[in-house]
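Colleague: Okay, sequence plus prediction incoming.
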Amino acid sequence: HPLHKVTIIPRGPSLGSTMSLPKEDILNYRKKELLDTITMTMAGRIAEEIISGDISSGASSDIQQATSIARAMVCQYGMSDKIGPLTVGGRHGNPFLGRDWMEERNYSDKVALEIDQEVRFIIDQCYDRARTILTENRDKMEDIVRVLLEKESIEREEFIELMQGAKAPAGEETTPPAAPTATVEALPPQNDKPNPVRYPNLRAEPGVA
């Protein structure tokens, strides 16, 4: 979906957000669209690893979302070449447990292993794709970071300009004011001796610190 806004202003448990707005109501999800969503979701963890050389727990919700999408593709949407167009498992409410959602397992251990392998394959595929994209476009990523550190939020128009190659401002260089210069005044001649000179007190021009 088209990007709407990127911000590093904390909101609740989130330390930052990338917000997208669909152009129209979403009724169906295509397989390529879901793979793109997983790729985008995993990018935060990869960017953290590329820049800092380490990882943290900050991407836990992203990983959870990516895993849920991948498992739904395999178990609900029939988008796995290995499992095929089948619905495996199910969820239903149990009135004796306060209508908590219970998962119904209607498949064998062999199929369970294949499901886990397919989910892993989808996640790894999208993870590698996201790493390639960020590595090839690291200069643009760093430009976006510089703007976010300065402004905390980026709207869609500015984000597109950065992605199209516009460079982030590196910060204005300030030139220190020149030091005031002393003036020399000649005193009237006295007793035919050489004219002594005096230096008035140095005073900075108004507005100069």
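Modeller: Received, thanks.

Colleague: before we move on, what SS does the closest residue to I50 other than its chain neighbours have?
Modeller: Sequence neighbours aside, L134 is the residue nearest to I50 in space, at 6.2 Å (criterion: Cβ to Cβ, 6 or more residues apart in numbering). In short, each C-beta sits where N, CA and C put it, glycine included. The three-state label given to L134 by DSSP: H, G, I helix; E, B strand; the rest coil is helix.

Colleague: Same question for Q65.
Modeller: Here Q65 is recorded as helix under three-state DSSP.

Colleague: tally of neighbours for it?
Modeller: By the criterion of other Cβ atoms under 10 Å, Q65 has 15 neighbours.

Colleague: ok, now I122?
Modeller: Using other Cβ under 10 Å, I122 has 22 other residues around it.

Colleague: Same question for K31.
Modeller: For K31, using other Cβ under 10 Å, the count is 12.

Colleague: How about L134?
Modeller: That count, for L134 with other Cβ under 10 Å as the rule, works out to 19.

Colleague: Over to the one 5 residues further on?
Modeller: Here the number of neighbours of D139 (other Cβ under 10 Å) works out to 10.

Colleague: Kindly report the same for the one 4 residues further on.
Modeller: When neighbours are counted by other Cβ under 10 Å, D143 registers 20.

Colleague: how much space between it and S61?
Modeller: Noted for D143: a distance of 26 Å to S61, by Cβ to Cβ, to the nearest Å.

Colleague: One more: E158?
Modeller: Per Cβ to Cβ, E158 is found 26 Å from S61.

Colleague: okay, the two: which has more neighbours?
Modeller: Counted by other Cβ under 10 Å, E158 and S61 do not tie: E158 has more neighbours, with 17 against 13.

Colleague: show me what contacts that one?
Modeller: Neighbouring residues of E158 by Cβ atoms under 8 Å, 6 or more residues apart in numbering: V147.

Colleague: what about it, which SS state?
Modeller: Secondary structure assignment for E158 (three-state DSSP): helix.

Colleague: do I55 as well
Modeller: Here I55 is recorded as coil under three-state DSSP.

Colleague: check which helix or strand covers the spatially closest residue to it that is not a sequence neighbour.
Modeller: Excluding its sequence neighbours, the residue lying closest to I55 (Cβ to Cβ, 6+ apart) is E49, at 5.4 Å. According to DSSP states H and E, E49 maps onto helix 31-52.

Colleague: Low-confidence ranges, the protein, go.
Modeller: Scanning the chain for pLDDT under 70 picks out 90-104, 166-209.

Colleague: could you pull out the helices for this structure?
Modeller: Counting by DSSP state H, the chain has these helices, from start to end: 31-52, 60-75, 109-136, 138-151, 156-163.

Colleague: which other helices and strands contact the third one?
Modeller: The elements that helix 109-136 packs onto, with contact taken as 3 or more Cβ pairs under 8 Å, 6 or more residues apart in numbering; DSSP states H and E, are helix 31-52, helix 60-75.

Colleague: Understood, closing this out.
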